[in-house]
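In: This is a predicted model, with the sequence first.
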Amino acid sequence: MDDQLEIARLITGYIQKTLTADERTQLEKLCQSDARIRRLVEKYHNADVVETSLQHMQMHDADHAWQRLLERKYHSGQSTRRVSWRAIGSIAMILIVGSVVLWRYMGRSSHQSSEQFAMTHKISPGSSRAQLLLSTGKTIELNNRQQQIHEVNGALVQNKAGELVYSGQSQGHQMAYNTLLVPRGGTYNLTLSDGTKVWLNASSSLRFPVNFDSDERVVQLTGEAYFEVSKDENRPFKVAVNGRSIRVLGTSFNVNAYRPEANITTLISGAVEVDDGIHRHVLNPGQQALMQDNKITVAKADLGKAIAWKEGYFLFNGDPVSEALEQVARWYDVDLEYQGELPHFHIGGSIKRDEQLRDALDMLQDVSGLHFQIIGKKIRIHE
C-alpha cells in the first residue's frame, strides 16, 4: 500500500481499538506482506512507548510547532493517556504522533533484517554556533555565551542565546559589512539593524551591512535562510543569491540555495519578486519559485516542509533519499560514503533535529531497508 495516510489511520485505529473487522484484516495482511509495518505495529502497541512519546511531545510543544508549520490549528480536549488522532490526521508522513516514522516510497516490500550499528562514539545533533567576520577582517566565535561586539563605525552588536542583534545606531556614514558564517552542524539567528529577523541553517552564510543605507537594503546569502523582513516601503529589501535576486517590501519567506545552479524561494506571507537576470515573477503567499536553467518555475508550496528546519524538524515529502541524507549530514556534520550505487527511491516523514544521530539513523534504517555504519565522522551506507 502506497497511501501513507491510510497506513497511519489503520495503525492508530489498531492502537485505539477502533478498527472494523475488515480494517483489522487489511492491517493484518499488510503486516504479513511488509515487515516494516509489522515492526511499527509491534512497537506502538506498547502502551509505555506511546505514553512516553506523548509526554515528550507535550514537553517540547510539538503540537504548536506543527501548527506553525502547516498554518492550521488543533484544539484537542483528549486525555494525554491515549493517542490523539487529530494530532496526526492531517500529517500523512507521521504514523504515530510524537514519534518519528519514515516511509519508503517503493512498490516492493523489504525483507531485509536490521543490523547493529558500529559506533565509535556518540554524535550529537547540531547546535547554535557560528563565526562573525567583522569589517576589519577579525573573526569572532559565536555560541550561546553573551557577548558585546563593537564595530569600527561605533555600532553595537549583542550576542546572546544563539542570536546576534544589531542596534541600528552608528557614527558617521562609513559602510561596514559583516558576514555571519554558520558551519555544518550549526544554526544561528540574526536581527539586522532595520529589525529584520533571519534564521540561518547549517552550512550557510549571510553578508550584510552593519547599517543599511537610505535607498535599499541588500544582503547576500549562501545556503539556506528564513527571513521575516521589517516593512519599509521606501527601502526595498533584496536578497542576492547565486547571481539571482529576491526583492521584498515586508514579508516572511524561505530561501534554499544549497545548490548553486538552483534556488528555491518559498513565500509564507506578503509578496516577493524573484529575478534571475532574464525573467521576473511576483510570488503570492503559499507559492514557491524554482530558479534553474535560466527559467523560473512557480508552483504551490509545501509550507510545512519549507520551514521545518527552522521549527526543529527534518520533514521529507517525496524527497530523493540522497537529498534527505544530505540534510542529515549537514546537520550532524558528518560525511556520507555509499557502498555501491544508492537506490533511486523517495521517502517521506519527520525527524526531530534534536535526536542523536544514532537514533535518527535507527529510524531511517528500520523502515528504508538501508543499513548505516558510523565510523568516526563518516556514515557508510549500503543496502
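Out: Received it, and whenever you're ready, just let me know what you need. Numbers count the residues shown, from 1 in each chain.

In: for the spatially most central residue of the chain, helix, strand, or coil?
Out: Against the mean C-alpha coordinate of the chain, by C-alpha atoms, centre = their mean, the closest residue is W309 at 2.1 Å. At W309 the chain is in coil, as set by DSSP: H, G, I helix; E, B strand; the rest coil.

In: is it true that it touches N201?
Out: Yes. Under the criterion of C-beta atoms under 8 Å, W309 is in contact with N201, at a separation of 5.3 Å. C-beta here means a position set from N, CA and C on the backbone, and glycine is covered the same way.

In: Quickly list what's touching both of those two.
Out: Here W309 and N201 share the contacting residues E224, scored by C-beta atoms under 8 Å, 6 or more residues apart in numbering.

In: what about the helices in the protein?
Out: Secondary structure of the chain, counting by DSSP state H: helices at 4-16, 21-33, 35-44, 47-59, 62-70, 86-89, 303-307, 321-332, 357-368.

In: Check the gap between the residue nearest to the centre of the chain and A155 for me.
Out: Distance, W309 to A155, by C-beta to C-beta, to the nearest Å: 29 Å.

In: Name the helix or strand of the chain that has the lowest mean pLDDT.
Out: helix 86-89 (a mean of 32; mean pLDDT, DSSP states H and E).

In: Whichever strand in the chain runs longest pairs with which strands, parallel or anti?
Out: The residue-count maximum for a strand in the chain (DSSP state E) belongs to strand 217-228. Strand 217-228 has these partner strands in its sheet, going by DSSP bridges: strand 197-200 (antiparallel), strand 204-209 (antiparallel), strand 237-241 (parallel), strand 252-259 (antiparallel).

In: what comes into contact with it?
Out: Counting contacts by C-beta under 8 Å, 6+ apart, the residues outside strand 217-228 that touch it are 182, 192, 194, 196-209, 212, 232, 235-242, 248, 251-258, 307, 309-310.

In: ends of stretch 373-383, how far apart?
Out: Taking C-alpha to C-alpha, to the nearest Å, the span from the opening residue of stretch 373-383 to its closing residue is 11 Å.

In: For it, buried residues please.
Out: Judged by neighbour count using 16 or more other C-beta atoms under 10 Å, the buried positions of stretch 373-383 are 373-374, 379, 381.

In: about what we covered before: if I look at the residue nearest to the centre of the chain, how far off is W199?
Out: Distance of W309 to W199, given as C-beta to C-beta: 8 Å.

In: and if you look at R330?
Out: As judged by C-beta to C-beta, R330 and W199 stand 15 Å apart.

In: Take the buried residues of stretch 373-383 and keep only those in strands.
Out: For the buried residues of stretch 373-383, secondary structure assignment (DSSP E) places 373-374, 379, 381 in strands.
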